[in-house]
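A.B. asks: Turn this into a structure:
(2 chains, ligands or ions: 1)
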Amino acid sequence: MSKLSRQAAIVGVAESELGKVGDKNPLQLQAMAARAALREAGIEKQEVEAIFSAGPYAYLQTMTIAEYLGITPKYSDSTSLGGSSFEAHIEHAVAGIYAGLFDVALITYGSNQRSKRVRPGSSIAVNPFEAPYGMPFPVGGYALAAQRHMELYGTKPEQLAEVAVAARKWANLNPKAYAKGELAVEDVLNSPLISSPLHALDCCLVTDGGGAIVIVSDRKAKECRTKPIWVLGTGETHTHLNISEMPDLTITGARESGERAFAMAGLRPDEIDVVQVYDSFTITVILQLEDLGFCEKGEGGRFVENQRIAPGGTFPLNTSGGGLSYCHPGLFGIFLLIEGVRQLRGECGERQVKNARTALCNGMGGVLSSSCTVILGRD
Amino acid sequence: MLVEDVLNTIDSDTRPFWEATKRRELLIQYCPTCNTHQFYPRIVCKNCLSDVEWTTSKGKGTLYSFSEVQKVFNPDFKEKVPFIVAMVELDEGPRMLTNLVGAEIEDVKIGMKVQVDFSESFGEYNLVQFRPV
Ligand SMILES: [Zn+2]
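C.D. replies: Below you'll find the model as predicted:
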């Protein structure tokens, strides 16, 4: 176990309004989430010393949100790794807290991409070696990974569909989830093929929403209203930006980020009680389960069979309903952390995993490009 | 729009590649220091940061993965649907994103041998696509 383990605790988490927010802008969503997260922790806005943010809502993200909230930070970090940015922010906050640079940090994100009808990837520069070929972004990149996984390991579309079905069952237990109702494997397979082998229901939602997290030093955590949720381990990496540069289409950076996080926490995969992994697409989940060591490479499809990851299954995964059925406002990583914290506090009502003491959250960004792992635990 | 946007990116890293497509040649880069090839073009070797040389690829490779695109968001491709996006591993080593043309989707298999195809123009240049051998 590393000396960075248990140095910092998450003491406040909150979403903004989710789904379709009409004419609300991303700064309003972040302000609502930040206020709720700070109030929950019992921390005054004036006590915030460090600000972390990412996302296409602004060019200079932390300067934009800090100005809007009237914060003059002494530490500022707009590390931008796509969907995993916020897991990276946790690692950076732990480092800053451990180094004694600050005691209180605020992490925020917000997007109104659904209401504004922003096209995915529209903020990304034209790649002259990809754009001429018409690969739909980002689903086509994930489709290439899925196709190769199927070829090498015999993974089946029905197994991918199990991931979406389980997510919907969790969402049906989450009052804040966007997509609800019955969903069967056949429904996923009968939804329109977008980029083979991925169907429309293999893809995450497009919603609006924002989130905020307050993370503090162990000293400050003692003054807070909430039960501290400790950061036990973290790891981050990125292996490429463009899918054509991915070293191996079936191995993600989660192998490295996960290994580092487990080493820092002094834990093994079988010691994790509840898992939240990025579900941009169903294949993303399969790859992460393998790369994080919850099963062998190539076994991911079989691992999720028979609704093992659904409510009542032996491996509770993405208990909020995930990006597939709860919400997906462009970058989902902050919501993985919010749900992980709530599970460890025991606040999840019908979807609560009994006696959850450890949680793993793994963000992925770009096209399987960045991976950042956070392992959390309670007292 | 698409062609213009792509061609606007041409600079000193990529100009020799595009010019070569007019001669129906696929230019990649070779590093004499570490004896590796690379694509896309860069000013240095991504393996060892040495200077690199341009070299003409034999244009032969293996299908690494593929996807049949049924739905696109980009209006430039609406009329082409369905088409095949492919990742090809060149015999020299580097991988490229491309299209697989001249193939029925039922016959497409990962691992099949492919060769470069310049039959589709792209502005004043030719597009680097691949077809089955
Ligand atoms: Zn070299």
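A.B. asks: From what I see, B:E53 and B:N35 are in contact.
C.D. replies: No. Contact status for B:E53 versus B:N35: not in contact, 11.6 Å apart, counting by CB atoms under 8 Å. (C-beta placed from N, C-alpha, C; glycine too.)
A.B. asks: Chain neighbours aside, what residue packs nearest to the residue in the stretch 201-350 of chain A that chain B sits nearest to?
C.D. replies: Closest approach between the stretch 201-350 of chain A and chain B, counting by CB to the nearest CB: A:S244, at 4.0 Å. Excluding the flanking residues, the one nearest A:S244 by CB to CB, 6 or more residues apart in numbering or on different chains is B:L97, at 4.0 Å.
A.B. asks: For the top strand by length along chain B, name the packing helices and strands.
C.D. replies: When chain B is parsed with DSSP state E, its longest strand is strand B:60-69. If contacts are counted by 3 or more CB pairs under 8 Å, 6 or more residues apart in numbering or on different chains; DSSP states H and E, strand B:60-69 sits against helix A:139-153, strand A:193-195, strand B:83-90, strand B:113-117.
A.B. asks: how does it look with 6 Å?
C.D. replies: In terms of contacts (3 or more CB pairs under 6 Å, 6 or more residues apart in numbering or on different chains; DSSP states H and E), strand B:60-69 is packed against helix A:139-153, strand B:83-90, strand B:113-117.
A.B. asks: Just put those in a markdown table and tack on distance to A:T234, mean pLDDT and mean neighbour count.
C.D. replies: Output for the helices and strands packed on strand B:60-69, formatted as a markdown table (distance: least, CB to CB, whole Å; pLDDT from 0 to 100; neighbours: other CB atoms under 10 Å in any protein chain shown):
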| stretch | distance to A:T234 | mean pLDDT | mean neighbour count |
| --- | --- | --- | --- |
| helix A:139-153 | 25 | 98 | 24 |
| strand B:83-90 | 32 | 98 | 23 |
| strand B:113-117 | 42 | 98 | 19 |
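A.B. asks: Select, out of those, the one closest to A:M32.
C.D. replies: helix A:139-153 (30.4 Å; CB to CB).
A.B. asks: which parts of whichever helix or strand comes after that closest one are buried?
C.D. replies: Going down the chain from helix A:139-153, the next helix or strand is helix A:157-171, by DSSP states H and E. By neighbour count on 16 or more other CB atoms under 10 Å in any protein chain shown, the buried set for helix A:157-171 is A:157, A:159-171.
A.B. asks: Just send the helices and strands packed on strand B:60-69 back as JSON lines, with distance to A:K354 too.
C.D. replies: Shown next, in JSON lines, are the helices and strands packed on strand B:60-69 (distance: least, CB to CB, whole Å):
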{"stretch": "helix A:139-153", "distance to A:K354": "33"}
{"stretch": "strand B:83-90", "distance to A:K354": "44"}
{"stretch": "strand B:113-117", "distance to A:K354": "53"}
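A.B. asks: quick one, what contacts residue 85?
C.D. replies: As the question left the chain open, I've gone with chain A. A:S85 is in contact with A:A54, A:G333, counting by CB atoms under 6 Å, 6 or more residues apart in numbering or on different chains.
A.B. asks: hm, I was asking about chain B
C.D. replies: A:Y133, A:M135, A:G140, B:S67, B:V69.
A.B. asks: Apart from its neighbours in sequence, what residue is nearest it?
C.D. replies: B:V85's closest residue in space is A:M135 (CB to CB, 6+ apart), at 4.5 Å.
A.B. asks: Next, the angle from the lengthiest helix in chain B to strand B:113-117.
C.D. replies: For chain B, the helix with the greatest residue count under DSSP state H is helix B:15-22. Angle of helix B:15-22 versus strand B:113-117, following axes from the mean of the first three to the mean of the last three CA atoms, to 10 degrees, is 90 degrees.
A.B. asks: Next secondary structure after helix B:15-22?
C.D. replies: Immediately after helix B:15-22, counting by DSSP H and E, sits strand B:27-31.
A.B. asks: contacting residues around that next one?
C.D. replies: Outside strand B:27-31, the residues touching it (CB under 6 Å, 6+ apart) are B:16-17, B:20, B:37-39, B:41, B:45, B:50, B:52-55, B:57.
A.B. asks: centre of the chain versus it, how much separation?
C.D. replies: 13 Å (CA atoms, centre = their mean, to the nearest Å).
A.B. asks: what packs against the following helix or strand past that strand?
C.D. replies: For strand B:27-31, the following helix or strand on the C-terminal side (DSSP H and E) is strand B:36-38. Here strand B:36-38 touches strand B:27-31, going by 3+ CB pairs under 6 Å, 6+ apart.
A.B. asks: Alpha carbons of the strand it packs on, in CSV - could you do that?
C.D. replies: Provided in CSV are the C-alpha atoms of strand B:27-31 (Å, rounded to 0.1, in the frame of the first residue of the first chain):
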residue,chain,number,x,y,z
LEU,B,27,4.4,7.1,-48.9
ILE,B,28,5.2,6.0,-45.3
GLN,B,29,8.3,6.9,-43.2
TYR,B,30,11.3,4.8,-42.3
CYS,B,31,13.8,5.3,-39.4
